[in-house]
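>>> Provided below are the primary sequence and the corresponding predicted coordinates.
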Amino acid sequence: MSGTFEAPIISPSILAADFTKLGDDVRAVANADWIHVDIMDGHFVPNLSFGPDITKQVDGVTNQVLDVHLMIEEPENWVETYAKAGADCIIFHVEAVADENAALDLAQKIRDLGVRAGFSIKPGTPIEPWLDKLNHFDLALVMSVEPGFGGQKFMPEQLDKVRKLRAAIDEAGLDTLIEIDGGISAETIASAAEAGCDAFVAGSAIYKQEDKAAAVEELRRLATI
Ligand code: DX5
Ligand code: ZN
């Protein structure tokens, strides 16, 4: 996957956008590499966001990569729907599938749909069981907040997982991308880049700024090492 993308990849999370003018808020970050689409079902996380219809509408206003983060139960029932809605990368939570084999099967199912496959991991979940399975995934998303809400404080200890992923990916010669999500800002992004992240999700740090494109540029500059 990294063959076609150059780090640092900045992925604004539209969870922090103004939904009454979502199209404008997507176009406002046309200089970003990807668009991060947070799907929440009120069960896997205690919050609701939006679903495939809005994802499809977002896909209709941009050619940017749609980085779809499924914070839902039974993700295996939804990957086809999100592939059809325009997802370029579908990320599911390892905590939402039965076991490691189910995760590998789901990754394959996503790849068979012609979509890049990613897994995400909550702050309390160990990364170790996944380090020898990274060849099954195009992307690993480390959560640096508890999933469910934007605007939370960055958890720096989660960078240990990034370092372990970076070492495993480099040692195996893989091109699996490492993405980080939660509390990424001008204050925290450099530490994530130094730990080895390729892609950076940012919601509030971009959408709470007057000039959103300038915020993207500034984050990219700070993540360039
Ligand atoms: C949290 C979501 C994040 C969120 C990030 O569950 O997965 O993508 O939008 O928001 P900030 O950047 O404000 O922490
Ligand atoms: Zn997210």
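On my side now, so go ahead. Computed from a prediction, not measured in an experiment: that's the story for all the values here. Ligands and ions are numbered 1, 2, ... in the order given.
>>> Now do the contacts for the closest residue to Gln64 other than its chain neighbours.
What sits nearest to Gln64 in space, not counting adjacent residues and going by C-beta to C-beta, 6 or more residues apart in numbering, is Ile35, at 4.9 Å. Just so you know, the C-beta spots here come from the backbone N, C-alpha and C atoms, and that holds for glycine as well. Ile35 makes contacts with Ser11, Pro12, Ile14, Val26, Val29, Val58, Thr62, Gln64, Val65, Leu66, Asp67, as judged by C-beta atoms under 8 Å, 6 or more residues apart in numbering.
>>> who touches the host helix or strand of the fourth one?
To tie it back to what came earlier, the one meant is Val26. Using DSSP states H and E, Val26 maps to helix 22-27. Contacts of helix 22-27 from elsewhere in the structure, counted by C-beta under 8 Å, 6+ apart, are Ile14, Ala17, Asp18, Ile35, Ile54, Gln57, Val58, Val61, Thr62, Tyr207, Lys212.
>>> so how far is it off the chain centroid?
19 Å (C-alpha atoms, centre = their mean, to the nearest Å).
>>> thinking again about what came up before, same list (the contacts of helix 22-27) but as TSV, adding pLDDT.
What follows is the contacts of helix 22-27, written out as TSV (pLDDT from 0 to 100):
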residue	pLDDT
Ile14	98
Ala17	98
Asp18	98
Ile35	98
Ile54	98
Gln57	98
Val58	98
Val61	98
Thr62	98
Tyr207	98
Lys212	98
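>>> Just the buried subset of the residues you listed, please.
Ile14, Ala17, Ile35, Ile54, Val58, Thr62, Tyr207, Lys212 (16 or more other C-beta atoms under 10 Å).
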